[in-house]
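Novice: got a predicted structure here, sequence first:
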Amino acid sequence: MLLVPCPNCGPRNAGDLSYNGESHARPDPKTCTPEEWRTYLYLRDNPSGWLVENWYCSSGCRKHFKIERHTLTGELRSAILPGSKPGLTKGETK
Amino acid sequence: MAESSVSITHLDSMPKASVRAADGTAASSTLGLAFGSAEQRGDTLVVRVRPDEWYLLGDGAAAMAGGLDLSGFASTVNVTHSRHAVRVTGEHAADTLAKLCTADFGDAMTPNGAAWGNSIAGVTCDIVRDDIVSDDRTGTRSYLLLFDGSFAAYFLGALEDAASEFSLHT
């Protein structure tokens, strides 16, 4: 069982949350190139190591948040709500 | 007759209002409460089930909701007929819910007055533990479950099935 520490609700069974994939900064569709937009939509890093992910606390507080997960060990850390400081971005680790 | 160890009581007609209010709004300040807690105020149970959402439950719900200042990002909706309410009470109430839910029903994590959202039998529910804050069931474990009425038939079946190993009374 994976215990995901929601910033509001505390540790919750992963089954109570929705996994929304890797966290990517959304490029500005008005100025980005088609290649950048395609990369944003379809390409994922899928690293063996720390990864910033988006989760949604669907059964609890109904808030989206970001968290770092180690894809090899399953360890989780640094859960934050959007807009919190400092923000996590793709590829960034604590 | 021995006292039933679990009882399931339908509260279909209990007035319910949902209040959504952002931090800093008048409605948020008026309702207050810490996230994840409930408090009886007169004939209304006030529940802060999410950081920006409250439930007002009981006969005074409509009056309390109607009296809120809804300026800013705040709104209120009467959910009496869209949210179904069931009370699970008794010695084995927590054991019954633990069969269907991942939450820790121990006193350390969910003491009396706790309120939280969780999935029970796959149905998203809002749960309030109100052993002593409402009605006359003083001192008895009691959980108030709120869930979408469209799941009622399935959900109540699952609940009764889970309670069947104990002395169920409906």
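Specialist: Great, that's in hand.
Novice: in the helix ranked longest in chain B, what's buried?
Specialist: Across chain B, the longest stretch assigned as helix under DSSP state H is helix B:152-163. Going by neighbour count (16 or more other Cβ atoms under 10 Å in any protein chain shown), the buried part of helix B:152-163 is B:155-156, B:158-159, B:162-163. Every residue, glycine included, has its C-beta placed from N, CA and C.
Novice: closest one of these to chain A?
Specialist: When these are compared for distance to chain A (Cβ to the nearest Cβ), B:F155 wins out at 13.9 Å.
Novice: nearest residue to that closest one other than its sequence neighbours?
Specialist: B:V123 (5.0 Å; Cβ to Cβ, 6 or more residues apart in numbering or on different chains).
Novice: in the chain, which spans are helices?
Specialist: Since you didn't name a chain, this refers to chain A. So, for chain A - with DSSP H - the helices run A:34-42.
Novice: could you do chain B instead?
Specialist: Under DSSP H, chain B gives helices at B:26-31, B:61-66, B:93-98, B:152-163.
Novice: just the CA trace of the second one, in CSV.
Specialist: Okay, so that is helix B:61-66. In CSV, the C-alpha atoms belonging to helix B:61-66 read as follows (Å, rounded to 0.1, in the frame of the first residue of the first chain):
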residue,chain,number,x,y,z
ALA,B,61,-29.4,24.6,8.4
ALA,B,62,-31.5,26.7,6.0
ALA,B,63,-31.8,29.6,8.4
MET,B,64,-28.0,29.5,9.1
ALA,B,65,-27.2,29.3,5.5
GLY,B,66,-29.6,32.1,4.6
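Novice: what helices or strands is that helix leaning on?
Specialist: Helices and strands touching helix B:61-66, by 3 or more Cβ pairs under 8 Å, 6 or more residues apart in numbering or on different chains; DSSP states H and E, are strand B:16-21, strand B:44-50, strand B:74-78.
Novice: nearest to B:L100, of those?
Specialist: strand B:44-50 (18.6 Å; Cβ to Cβ).
Novice: B:W116 touches A:C57, doesn't it?
Specialist: No - assessed by Cβ atoms under 8 Å, B:W116 is found out of contact with A:C57, at 10.7 Å.
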